[in-house]
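# the sequence and its predicted three-dimensional model are supplied below.
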Amino acid sequence: MNWSGDVQLKAEEWIGYLGELVGVEPVYYYDDTLALPGGAPSAEYRKTITGPATVSWQDGLKRIVDFWDPRIREEQHVSRTS
């Protein structure tokens, strides 16, 4: 699955936008011992199966935040720390 629609972008770009949507400034931690080789995903293979994306990556992330935001605010989510 290519979460960035038909656009190639780095994780920092969509994480930064997600941070804007939820009002949190992301902190990036880079550890070369944990990094996997690769880069921004290509949508070319997915497009051969599904055709072009019908939702932009920005709209898709906004929809996710809009769906989960009330649950997060009402503390109805499951915390991994509890």
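Received the coordinates, thanks. Residues are numbered from 1 along each chain as shown.

# what's the spacing between A53 and L61?
Using C-beta to C-beta, to the nearest Å, A53 is found at 13 Å from L61. For the C-beta atoms, the positions are set from N, CA and C on the backbone; glycine is no exception.

# tell me which element the residue most central in space within the chain falls in.
In the chain, the C-alpha nearest the mean C-alpha coordinate belongs to W14, at 5.3 Å (C-alpha atoms, centre = their mean). W14 belongs to helix 11-22 when assigned by DSSP states H and E.

# burial count for W68?
By the criterion of other C-beta atoms under 10 Å, W68 has 13 neighbours.

# same question but for E13, I mixed them up
Counted with other C-beta under 10 Å, E13 comes out at 14.

# and for Q58, nearest residue in space, chain neighbours not counted?
Nearest non-adjacent residue to Q58, counting by C-beta to C-beta, 6 or more residues apart in numbering: Y17, 6.3 Å away.
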